[in-house]
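Visitor: Next input, structure requested:
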Amino acid sequence: GGCAVALWLPNKYMSETLILVVPQRVPEAYVRSTVTTPIEDRLRSLTQQIMSRTRLERIVEDFNLYASERGKRPMEDIVEMMRGRIAVRATKSDSFILSYTSDDPQIAMKVTQRLATLFIDENLQDRTMMAEGTNQFLQSQLEEARARLIEHEKKLESFRRRYSGQLPEQMQSNLQVMQNSQMQVTQIQESVNRDRDRKLVLERQISELQSQSHRVTERPASAPTDGSGVGATPSAQLALAQQQLRLLELRLKPEHPDIVRQRRLIQELEAKVAAEALPQPLTAAGAGEAVADPDLARQIGELKAELLNVDRQIAAKQAEETRIKDTIANYQSRVESVPGLQSELTELMRDYDTLQDQYKGLLRKNEESRIAANLERRSGGEQFRILDPARVPERPFSPNRSFIALCGLLAGLGLAIGLAGSLEFRDRSLRSDQDVMMVLALPVLASIPIITTNAERRRRRQLRLTVSATAATLLVVGGLVAWKLLPWHRVFER
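Guide: Numbering: from 1, shown residues only. Down below sits the predicted model:
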């Protein structure tokens, strides 16, 4: 039976091709590939794509495979049958074997070649698509990062414009401006003090000249005077009192008793000067004296003009002092606002630095991805190359008739042993006196021997001859089949 089955089974031919995985031509140190999936994973993915129903149906139609089965079974079963005859196995980390089994050796070779071509084309297309997809993804991420960076730069620019002059990096310059402004205030104050001293000198000179011009003729010119103004004219006393008041104001506060008393004295002297200034009849001596002193009037006018100029300088310098003090106050408020703005600026700069680093990283990766995509498009990346092309198989791959015949022989031998043992086990007959004694536990009184006739002896001889002839025939037939199935002739040829 095993030999019959081995002879009845049709031959199956397998065609194989060895495909080598060639790494990219440009070293990884110069161009880093964006396709980092291991070859085993990509091979499984490619196998699923190649063994899809669409691809296999096209191959079945192109080579007219399974013509008899297609008329009896649906296409799903035909595709599933073809999948079972395709095998992909990895041999090393850089190669794999693709095989297809068919009843026709020519068809097996052609289908294997088509499958190998599909693997090569699909790998190239898949790597190109993966590189393009990675490039497009990085490009979109780069555009998004650029938009966020520009938006944050606008926020930072608005913050700098809003708090211009109050930023932490401008604190040192603000302090320098305050220091320079304070020095200018000091110089202005010193200049104002000098102008005030000059003003006091001018006022004293004017007072002295005015006292000389308003001196009445009846008062002798040689009237004694002292340092306190006793014996002088009211105008001279008034000038001296005003000078003393200015000196007191430089040292004392306005509510000091000495300043109050001096102001009361000045009011009394002003009243006396106003009384003397009333119109009086001119005497010949007075008219002659007024006409005789034009130089004195000219000196008084020059001194008053100079005094007016000094007052203007003092007012201008005081206005400049006020402006500089306002500037100092403004810069002081800027310096005081720095700690409050420092935290906000630090947060903005931290986010800006993070976005900038992210943008630079994406820009670098995008450039690398673009170069890798160009390399894949020019077929410079990792490729599949056929190392051993598919050939027409010279002998069938299946069935293994030797193994089937050997299995039939072993199965027949086992079946025979089992059948004999079963018949022996089921045989309950008693064939000797020992069997009777063992089974019945009774003594045997007598035994009758087997008496065979001539006819029975002839039948036994015929049966032995028939069995011997049948066994010899089976041995001859088994030897011929074994000689045909087993590769003994190749052993002898060697």
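
Visitor: so how far is stretch 87-101 from its chain's centroid?
Guide: Once both centres are worked out by C-alpha atoms, centre = their mean, to the nearest Å, stretch 87-101 turns out to sit 39 Å from its chain's centre.

Visitor: Excluding chain neighbours, what is closest to the residue nearest in space to the middle of the chain?
Guide: For the chain, the residue nearest the mean C-alpha position is residue 358 (4.8 Å; C-alpha atoms, centre = their mean). Leaving aside its chain neighbours, residue 358 sits nearest to residue 145 (5.6 Å; criterion: C-beta to C-beta, 6 or more residues apart in numbering). All C-beta spots, glycine's among them, are computed from the backbone N, C-alpha and C.

Visitor: go on, residue 66?
Guide: residue 78 (5.2 Å).

Visitor: and what of residue 365?
Guide: Among residues not flanking residue 365 along the chain, residue 138 sits closest, at 5.5 Å (C-beta to C-beta, 6+ apart).

Visitor: Phi and psi next, for that neighbour.
Guide: When read as degrees, to the nearest 10, the backbone of residue 138 gives phi -70, psi -30.

Visitor: Would you map the strands across the chain?
Guide: All strands of the chain, identified by DSSP state E, fall at 13-22, 86-92, 95-102, 383-388.

Visitor: okay, now residue 6: neighbour count?
Guide: Residue neighbour count, defined by other C-beta atoms under 10 Å, stands at 21 for residue 6.

Visitor: Could you shift the numbering so residue one becomes 3, and keep it that way?
Guide: All set: I'll call the first residue 3, so the last point we hit is now residue 8.

Visitor: doesn't residue 403 make contact with it?
Guide: Yes. The pair residue 8 / residue 403 is scored as a contact, 3.8 Å apart, by C-beta atoms under 8 Å.

Visitor: ok so, going back, residues in contact with the residue nearest to residue 68?
Guide: Taking C-beta atoms under 8 Å, 6 or more residues apart in numbering as the criterion, residue 80 is in contact with 62, 67-68, 71-72.

Visitor: who does the longest helix anywhere in the chain touch, helix- and strand-wise?
Guide: Counting residues, the longest helix found in the chain (DSSP state H) is helix 296-379. Applying 3 or more C-beta pairs under 8 Å, 6 or more residues apart in numbering; DSSP states H and E, one finds that helix 296-379 contacts helix 107-164, helix 173-215.

Visitor: Can you say which of those is nearest to residue 369?
Guide: Residue 369 lies closest, by C-beta to C-beta, to one member of the helices and strands packed on helix 296-379: helix 107-164, at 9.2 Å.

Visitor: between that closest one and helix 296-379, how many degrees?
Guide: Computed by axes from the mean of the first three to the mean of the last three C-alpha atoms, to 10 degrees, the angle separating helix 107-164 from helix 296-379 equals 170 degrees.

Visitor: before we move on, back to that, per-residue confidence at the residue nearest to residue 367?
Guide: At residue 140, the pLDDT value in this model is 79.

Visitor: can you pull the contacts of it?
Guide: Applying C-beta under 8 Å, 6+ apart to residue 140 gives the contacts 364, 367-368, 371.

Visitor: Most neighbours among the residues you listed, which one is it?
Guide: Using other C-beta under 10 Å as the neighbour test, the contacts of residue 140 are led by residue 371, with 24 neighbours.

Visitor: give me the number of residues near residue 122?
Guide: When counting by other C-beta under 10 Å, one arrives at 16 neighbours for residue 122.

Visitor: Look up the closest residue to it, ignoring the ones flanking it.
Guide: Distances taken as C-beta to C-beta, 6+ apart place residue 386 nearest to residue 122, at 4.6 Å, with adjacent residues excluded.

Visitor: got the contact list for that neighbour?
Guide: Applying C-beta under 8 Å, 6+ apart, the residues near residue 386 are 21-24, 121-122, 125-126.

Visitor: ditto for residue 172
Guide: For residue 172, the set of contacting residues under the criterion of C-beta under 8 Å, 6+ apart consists of residue 336.

Visitor: so where's the protein shaky on pLDDT?
Guide: For the chain, residues meeting the criterion pLDDT under 70 lie at 25-41, 95, 167, 215-235, 279-295, 374-384, 483-496.

Visitor: Look up how far residue 133 lies from the residue nearest to residue 367.
Guide: Relative to residue 133, residue 140 is positioned 11 Å away (C-beta to C-beta, to the nearest Å).

Visitor: got the helices and strands packed on helix 296-379 as CSV, with distance to residue 47 columns?
Guide: Putting these into CSV (distance: least, C-beta to C-beta, whole Å) gives the following:
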stretch, distance to residue 47
helix 107-164, 7
helix 173-215, 61
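
Visitor: looking at those, which is closest to residue 470?
Guide: With C-beta to C-beta as the yardstick, what comes closest out of the helices and strands packed on helix 296-379 is helix 107-164 (44.7 Å).

Visitor: and that closest one with strand 15-24, angle?
Guide: Orientation check (the same axes, to 10 degrees): helix 107-164 against strand 15-24 gives 30 degrees.

Visitor: now helix 107-164, how far from the centre of its chain.
Guide: 16 Å.

Visitor: And for stretch 196-208?
Guide: Relative to its parent chain, stretch 196-208 has a centroid offset of 77 Å by C-alpha atoms, centre = their mean.

Visitor: Contacts for it, please.
Guide: By C-beta under 8 Å, 6+ apart, the residues outside stretch 196-208 that reach it are 241-242, 244-245, 248-249, 302, 305-306, 308-309, 312-313, 315-316, 319.

Visitor: at 6 Å instead, please
Guide: With C-beta atoms under 6 Å, 6 or more residues apart in numbering as the test, stretch 196-208 has contacts from 245, 248, 305, 308-309, 312, 315-316.

Visitor: Stretch 391-398 too?
Guide: Here stretch 391-398 makes contact (C-beta under 6 Å, 6+ apart) with 13-17, 19, 107, 111, 114-115.

Visitor: Identify the residues contacting residue 356.
Guide: Neighbouring residues of residue 356 by C-beta under 6 Å, 6+ apart: there are none.

Visitor: Quick check: the gap between residue 211 and residue 402.
Guide: Relative to residue 402, residue 211 is positioned 148 Å away (C-beta to C-beta).

Visitor: ok, these two, which is more surrounded?
Guide: The neighbour count for residue 211 versus residue 402, taken as other C-beta under 10 Å, is higher for residue 211 (20 against 14).

Visitor: Hmm, the more buried one is touching residue 303, no?
Guide: No. At 9.9 Å, residue 211 and residue 303 do not qualify as touching, with contact defined as C-beta atoms under 6 Å.

Visitor: Might you report the residue contacts of residue 194?
Guide: The contact partners of residue 194, taken as C-beta under 6 Å, 6+ apart, are 316, 319.

Visitor: no wait, residue 305
Guide: By C-beta under 6 Å, 6+ apart, the residues touching residue 305 are 204, 207-208.

Visitor: Those into a markdown table, with extra columns for distance to residue 160 and neighbour count?
Guide: Supplementary listing: the contacts of residue 305 in a markdown table, determined by distance: C-beta to C-beta, whole Å; neighbours: other C-beta atoms under 10 Å:
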| residue | distance to residue 160 | neighbour count |
| --- | --- | --- |
| 204 | 57 | 20 |
| 207 | 63 | 16 |
| 208 | 61 | 19 |
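
Visitor: nearest to residue 413, of the residues you listed?
Guide: When the contacts of residue 305 are compared for distance to residue 413, the smallest value, 146.5 Å, is given by residue 204; criterion: C-beta to C-beta.
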